[in-house]
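Novice: Build me a model:
(one chain, ligands or ions: 1)
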Amino acid sequence: MWRSVFLSLSNNGGVRHVATRSRLARGISSRFVAGNTLEEAVAATKELNSHGISVEMDYLGESVTDRLQAEAAVRAYLEMLDGIAASGADSQVSLKPTQMGLAIEEELCLSNIERIADKAARYGNFVWVDIEDSPTIDRTIRIYRTLRGRYPNVGIALQSYLYRTRRDAEEILSIGGTIRLVKGAYQEPPEVAFPDKRDVDRAFRLLTELLLCSGRFHAIATHDERMIQHTIDFAAAHGISREGFEFQMLYGVRRDLQERLISDGYRLRLYVPYGEQWYPYFMRRLAERPANLVFLLGNVARELLPVH
Ligand code: FDA
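Specialist: Here you go, the predicted model:
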């Protein structure tokens, strides 16, 4: 129930307007968002790098309906690539198709992402294409196929909660693509997505096996200890080395587990978002674990209350 409440709020313009002007809400969201600026994201990245953790930076933004906004997002990513190179940070980049103009025109979105992939290729960097809600997926995969034909340095996220994902994964593997497997963060109807979490988890395990057996490098993105253990066990049983795949997690989520994976010698990359457009991203994080809100409010209250 709470998942649906937070996911509907993530699309509510009125609440977004109030929340993004609230200093309290901004303070709470900082658990999951590295800051407003590229400089802050680079500083957070360097700190993570010093603990052996790689990063993929995300400039927050989505559902763009205006060409100028899409262009501003492209420029932010081009600057991000310059900033990463200049600082020597160990970070790839991750972007959303609807931030790049997918809702305006597919061709525009393709050419925008291509500009970023091209610059990333010149820096020897890598671009992840996030996957969004189900109506965008056909177009996102079409764009990815074209991009992958031109640039080897692009990967795409796929969601285990969708019935269609096995087919999509096989198609992407057949063109030599790179996949980040996630469970899926949007509100989807039972016509397209498993309503039962057990089915989502079962699909996640099977897709993990498909990716690990492909002989290519992919990312398993989850904070679910059972999915992580399954990945570790399956890889060990099939002679797949720790360098053959990576785990990915979100900035601010399950830091204990992050530390454990690093100390056990696994590759770990954190998704580090920054920017002003934090509201929908933050609401999806609350939807994944509503108890986060109580926890975060508790933290803020502790900071506001005088210490005796
Ligand atoms: P699940 O939701 O079952 O959670 C398992 C456990 O993890 C929980 O019990 C809790 O302990 C912990 N946990 C999970 N989420 C938490 C949170 N927000 N706060 C605190 N604890 C939490 N989705 C998408 O649709 N498109 C995309 O492109 C991406 N990209 C992406 C990149 C990366 C690097 C990650 C890690 C995730 C995504 N996602 C995503 C989000 C993904 O779809 C999913 O919503 C979240 O990862 C939560 O699912 P889990 O696999 O962690 O399992």
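Novice: could I get stretch 186-199 in CSV with only the CA atoms?
Specialist: Taking Å, rounded to 0.1, in the frame of the first residue of the first chain, the C-alpha atoms of stretch 186-199 are listed here in CSV:
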residue,chain,number,x,y,z
TYR,A,186,7.8,2.2,-11.1
GLN,A,187,4.2,1.5,-10.6
GLU,A,188,3.2,-1.0,-13.2
PRO,A,189,-0.2,-2.8,-13.8
PRO,A,190,-0.5,-6.6,-13.5
GLU,A,191,-0.9,-6.8,-17.3
VAL,A,192,2.8,-6.0,-17.7
ALA,A,193,4.5,-6.8,-14.4
PHE,A,194,4.4,-9.6,-11.8
PRO,A,195,2.2,-8.3,-8.9
ASP,A,196,3.8,-10.8,-6.5
LYS,A,197,7.2,-10.0,-5.2
ARG,A,198,8.2,-13.6,-5.1
ASP,A,199,7.8,-13.8,-8.9
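Novice: gap between that stretch and the chain center?
Specialist: Chain-centre distance of stretch 186-199: 19 Å, with Cα atoms, centre = their mean, to the nearest Å.
Novice: With stretch 226-238 instead?
Specialist: Chain-centre distance of stretch 226-238: 22 Å, with Cα atoms, centre = their mean.
Novice: got it, and stretch 237-257?
Specialist: That offset, for stretch 237-257, works out to 14 Å (Cα atoms, centre = their mean).
Novice: and if you look at stretch 26-35?
Specialist: Distance of stretch 26-35 from its chain centroid, counting by Cα atoms, centre = their mean, is 16 Å.
Novice: Need the pLDDT of the residue nearest to Ser91 when sequence neighbours are not counted.
Specialist: Leaving aside its sequence neighbours, Ser91 sits nearest to Val55 (Cβ to Cβ, 6 or more residues apart in numbering; 4.0 Å). Where you see a C-beta, it was placed from the backbone N, CA and C, and this is true even at glycine. Per-residue confidence (pLDDT) for Val55: 98.
Novice: For the helix or strand hosting Val55, output the C-alpha coordinates as PDB.
Specialist: Element membership of Val55 [criterion: DSSP states H and E] is strand 54-59. Extracted in PDB, the C-alpha atoms of strand 54-59 (Å, rounded to 0.1, in the frame of the first residue of the first chain):
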ATOM      1  CA  SER A  54      33.400   2.700  -8.100                       C
ATOM      2  CA  VAL A  55      30.600   5.100  -9.100                       C
ATOM      3  CA  GLU A  56      28.100   5.900 -11.800                       C
ATOM      4  CA  MET A  57      27.000   9.600 -11.600                       C
ATOM      5  CA  ASP A  58      23.500  10.600 -12.400                       C
ATOM      6  CA  TYR A  59      22.400  14.200 -13.000                       C
END
